[in-house]
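Peer 1: sequence and computational prediction follow.
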Amino acid sequence: MKVAVYARYSSENQREASIEDQFRICREFARKQGWIIAGEYSDHAISGATLMRPGFQAMMAEALRGKVDVVLAEALDRFSRDQEDTAGLFKRLTFAGVGIVTLAEGDITFLHIGLKGTMNAMFLKELADKTRRGLRGRVELGKSGGGACFGYRIVRTFNDGVVSTGEREIAPEEADLVRRIFKDYIAGISPKQIAKDLNREGLRGPRGALWGPSTIYGNPKRGTGILHNELYIGRLVWNKLRYLKDPDTGKRVSRPNPEAEWVITQVPALRIVDDEQWAAVQARYATVQKKWSTAEQGKRFRQFVRPKYLFTGMTKCGVCGAGFVVYYRDRLGCFGTRERGTCTNTLTIPRQEVEERVLTALQEKLLRKDFFEEFCREFAKETNRLRMEQRASLNGAKRELERVKRDIQKIIQAIKDGFAGPDLKAEWNGLQERKTALQSQLETVDEPPPLLHPSMADLYRSKVEELASALQREDTRLEASESLRGLVESIVLTPEEGQPPSRANDGARSGEPRLRIELRGNLAAMLTAANNAKRSPETGDLQVPMKLVAGGGFEPPTFGL
């Protein structure tokens, strides 16, 4: 009688010799029975919860082809611990005329399949529950719940002869990479470009693999990826996901758990990035996702192309409103003139000149110390005045609403006391209308923001100085450009008055037509205030013209360069 011997062990922690031990006792049993061993098959460190095992599949193929008469193993759970798989194994081999024998149970029958299959399945369930219970206990102590995380390394210590598990500490070199990724992403660099830069420099990612965009941005809902791993802010979150095995493929599939089942432990010793960086990353990610979801289907990728130059897409023609675009090397010209023939503005200008004139105005006007201090005082004073007026109006509406409600209650009481008449009804209707109007007003008006502190000048000046300095440095130019673009709505280029808009040059030579550059946006209003600042003849203090629109920012919104 020909027999196929099968052996398996499930955990990487078990000894490799386990396979050889199983083969040895099976060989002795086969020899006593007078069987001929036709083949030996094994699977190393593979769970019995799946049939997707090369050794098992090879054994089944030989048995179903009639190459053997019996399959032999140490116990039934070596073949499988899954009830369905055990029953299927028995069904197929019985149909092929192949018997199943184990050293623990003997000849396998329907009774064994029913009882042992159930016991093996219960063993798997109990083992999983015990494992999860042990992992949860470790997580609540701030230890690892499984798996190495980039930025940390495993620490092994001996206590009374026992090796500790779950301990980890920050790996300085990897932590520096994590901080760099956060900094680059905040600066506006895409995950794809970050991954390219790291790979180009030969810096390896998790488990020594190459970097990819998905490794960096991951999945915020699942807390995966460098940018969404809360462990980097000293917050250990466990049990966000549960894993199930697909019955058809045997592969593990993750499913999200309700937030109420999450286990969260604070581990400040493992913090790598600060809260400000974390918040900035999450804010930028949310902005990008919102922009992506609201963009038109066919224009999504175009909208996410990074501007090639400082003011790409912001230069406009003052004659027709079309874009001023690069048409030859670095020279800008009106798109309506060059491509459509619908505009008379044929003047052009080097892109570098536009950038230099804007940046020069930024440095010369906004970095004046005397103007700064006075500007911020006036700005805080005017802003606080508007906010106080808004708060007073809001409080007045609330007080009036309470008075109207009291008057309505008085009319109700008068009706209960037997007083009625057309005048009372008319007053009731008027009060109800006023109540509705006040409630609608209060529902649509937000609470005014807090008042500005008078000492904001120091902070404001430092921010503008940082911006001007960052624009000059290559390593920070990208981040600073994003900030500057946020202050500029558009840059309008118009032939100066009295000049014919029909000469195609940049006005570099004396007497030639010249384009006037006009800024629009918050930066324009700030420059206007700086340009028009005058000193009081009585006190010598700066007098800053300041005009604000409640909730709308500065006025006027333009500034000529």
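Peer 2: Everything's here; your move. Residues are numbered from 1 along each chain as shown.
Peer 1: any weak-confidence spans in the stretch 201-350 of the chain?
Peer 2: Along the stretch 201-350 of the chain, segments meeting pLDDT under 70 span 245, 247-250, 292-308.
Peer 1: do a quick rundown of the helices in it.
Peer 2: Applying DSSP state H, counting those that start in this stretch to the stretch 201-350 of the chain gives helices spanning 213-217, 275-294, 300-303, 335.
Peer 1: out of the ones you listed, which is closest to Arg252?
Peer 2: Nearest to Arg252 among those is helix 213-217; the distance by CB to CB comes to 18.5 Å. C-beta coordinates here come from the backbone N, C-alpha and C atoms, glycine included.
Peer 1: give the other helices and strands that that closest one contacts.
Peer 2: Here helix 213-217 touches helix 191-200, going by 3 or more CB pairs under 8 Å, 6 or more residues apart in numbering; DSSP states H and E.
Peer 1: next, the buried residues of the helix it packs on.
Peer 2: Using 16 or more other CB atoms under 10 Å as the test for burial, helix 191-200 gives Pro191, Ile194, Ala195, Leu198.
Peer 1: for Arg180, see how far away the last one is.
Peer 2: Counting by CB to CB, to the nearest Å, the gap from Leu198 to Arg180 is 8 Å.
Peer 1: got it, and the third one?
Peer 2: Applying CB to CB, the value for Ala195 to Arg180 is 12 Å.
Peer 1: look up which helix or strand Val358 falls in, please.
Peer 2: helix 351-366 (DSSP states H and E).
Peer 1: now that helix: mean pLDDT?
Peer 2: For helix 351-366, mean pLDDT rounds to 77.
Peer 1: care to break the protein down by domain?
Peer 2: 2-130, 168-283, 369-383+452-560 (automatic domain parsing).
Peer 1: end to end on the second one, go ahead and measure it.
Peer 2: So the one you mean is domain 168-283. 29 Å (CA to CA, to the nearest Å).
Peer 1: kindly report the same for the first one.
Peer 2: The first and last residues of domain 2-130 sit 41 Å apart, counting by CA to CA.
Peer 1: now stretch 195-215
Peer 2: From its first residue to its last, stretch 195-215 covers 9 Å (CA to CA).
Peer 1: next: stretch 310-317.
Peer 2: Span of stretch 310-317 from end to end, CA to CA: 17 Å.
Peer 1: which ones are touching Arg207?
Peer 2: Arg207 is in contact with Ala148, counting by CB atoms under 8 Å, 6 or more residues apart in numbering.
Peer 1: meant to ask about Arg8, not that
Peer 2: Ile19, Gln22, Ser42, Asp43, His44, Ile46, Gly48, Arg53, Gly55, Phe56, Ala73, Arg78.
Peer 1: try it again at 10 Å.
Peer 2: Listed by CB atoms under 10 Å, 6 or more residues apart in numbering, the contact set of Arg8 reads 18-19, 22, 41-48, 53, 55-56, 73-74, 77-80.
Peer 1: which among those residues end up buried?
Peer 2: Buried subset of those (neighbour count, 16+ other CB under 10 Å): 18-19, 22, 41-44, 46-48, 53, 55-56, 73-74, 77-80.
Peer 1: which of the domains of the chain comes out lowest on mean pLDDT?
Peer 2: Sorting the domains of the chain by mean pLDDT places domain 369-383+452-560 lowest, at a mean of 59.
Peer 1: strands of the stretch 351-500 of the chain, start to end?
Peer 2: 490-495 (DSSP state E, counting those that start in this stretch).
Peer 1: let me fix that, I meant to ask about the stretch 101-250 of the chain.
Peer 2: Along the stretch 101-250 of the chain, counting by DSSP E, counting those that start in this stretch, strands occupy 106-107, 152-154, 158-159, 162-163, 168-170, 235-238, 241-245.
Peer 1: need the contact list for Ala96.
Peer 2: Contact analysis of Ala96 by CB under 10 Å, 6+ apart lists Met60, Ala63, Leu64, Arg65, Gly66, Val68.
Peer 1: ok, now Ala279?
Peer 2: Contacts of Ala279 by CB under 10 Å, 6+ apart are Ile186, Ile233.
Peer 1: and it, how far from Arg180?
Peer 2: Separation of Ala279 from Arg180 (CB to CB): 18 Å.
Peer 1: now do Phe79
Peer 2: Relative to Arg180, Phe79 is positioned 51 Å away (CB to CB).
Peer 1: near Ala4, how many other residues are there?
Peer 2: Ala4 has 22 neighbouring residues, counting by other CB atoms under 10 Å.
Peer 1: likewise for Asp417?
Peer 2: The burial count for Asp417: 8, using other CB under 10 Å.
Peer 1: my read: Ile415 touches Glu427, true?
Peer 2: No: using CB atoms under 10 Å, Ile415 is not in contact with Glu427; the gap is 11.4 Å.
Peer 1: which one's more surrounded, those two?
Peer 2: More crowded of Ile415 and Glu427, by other CB under 10 Å: Glu427, with 16 against 13.
Peer 1: for the closest residue to the more buried one other than its chain neighbours, give me its contacts.
Peer 2: Of all residues not flanking Glu427 in the chain, Ile411 sits nearest, at 6.6 Å (CB to CB, 6 or more residues apart in numbering). By CB under 10 Å, 6+ apart, Ile411 lies in contact with Phe419, Leu424, Lys425, Glu427, Trp428, Leu431, Gln432.
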